[in-house]
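1. Below are the sequence and a predicted model for it; my questions follow.
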Amino acid sequence: MGFENKPILEEHTVPERRGLLGGRSIETTTEGKLNRTMYAAVCDFCGHYPLDQFVVCRKCKGRLCDECSNWLDGRPYDRACLMEILPVSSGSYKVLMCLEAGIRSTSKISDLTRISKDDIKASLAHLNEMKLVETKGILAFLERKVTAEGVRALSAYKKVYRNDEDIRQLEQQLVEEEKDGE
């Protein structure tokens, strides 16, 4: 009697469903074979698969790859959850960048960012309300300063907006401004 060379174990790797962290299962078929299915983690936001390492969004519990994770106070969030917790638009981020670089004039910020002065004023009001910027004084003696919360927001949003071409251009302009000021 000869033995047939039949596999008794079949293995499959499939993406895990959203919200589950991964794992494996073993089932027996009617023919007596074993099927082992391994569920590999997938980034719930960009679909990167398989993930060797991931973090879980603190708010929605979705799995995040390194590219999709944004950190605030040492905790990971996806972009949408971060924007819910700490809403900072691209325009407000640009204004914060300018203030952090020491540019206080609305006109100068408008020139660098190509944002209208009215929109900058609205952004400054919003940033003040969120306590990301502190404003003291009046008119010609007005002093604006990025608070510790504002620095925290800049850090959290750096990764969110890093691929925006206008943000990269502004970063370059701010570097040039700093060199010219020395």
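-> That came in fine, so what should we check first?

2. Report the buried residues of the longest helix seen in the chain.
-> The residue-count maximum for a helix in the chain (DSSP state H) belongs to helix 165-181. Residues of helix 165-181 classed as buried: 167, 170-171, 173-174 (neighbour count, 16 or more other Cβ atoms under 10 Å). All C-beta spots, glycine's among them, are computed from the backbone N, C-alpha and C.

3. Same list, those, but as CSV with distance to Ile85 and pLDDT please.
-> Listed next are the buried residues of helix 165-181 as CSV, based on distance: Cβ to Cβ, whole Å; pLDDT from 0 to 100:
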residue, distance to Ile85, pLDDT
Ile167, 21, 94
Leu170, 24, 94
Glu171, 24, 93
Gln173, 29, 92
Leu174, 26, 92
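
4. Out of these, which comes closest to Glu27?
-> Comparing the buried residues of helix 165-181 against Glu27 with Cβ to Cβ places Ile167 closest, at 50.4 Å.

5. quick revisit: figure out how far the longest helix of the chain is from the centre of its chain.
-> 22 Å (Cα atoms, centre = their mean, to the nearest Å).

6. Point out the other helices and strands that that helix packs with.
-> Helices and strands touching helix 165-181, as assessed by 3 or more Cβ pairs under 8 Å, 6 or more residues apart in numbering; DSSP states H and E, comprise helix 90-100, helix 106-113.

7. by contact count, what packs against the last one?
-> The elements that helix 106-113 packs onto, with contact taken as 3+ Cβ pairs under 8 Å, 6+ apart, are helix 90-100, helix 117-129, helix 165-181.

8. Nearest to Glu67 among the ones you listed would be which one?
-> Per Cβ to Cβ, nearest to Glu67 of the helices and strands packed on helix 106-113: helix 165-181, 16.8 Å.

9. Not counting its own residues, what contacts the closest one?
-> 90, 93-94, 97-98, 101-103, 112-114, 161-162 (Cβ atoms under 8 Å, 6 or more residues apart in numbering).

10. Serialize those residues to TSV and add fields for pLDDT.
-> Putting these into TSV (pLDDT from 0 to 100) gives the following:
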residue	pLDDT
Ser90	95
Tyr93	96
Lys94	96
Met97	96
Cys98	95
Ala101	93
Gly102	91
Ile103	91
Leu112	94
Thr113	94
Arg114	94
Tyr161	93
Arg162	88
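
11. Pull out the buried members of these.
-> 93-94, 97-98, 101, 103, 112-113, 161.

12. from memory Glu100 sits against Val151, does it?
-> Yes. When contacts are counted by Cβ atoms under 8 Å, Glu100 is listed as touching Val151 (7.2 Å).
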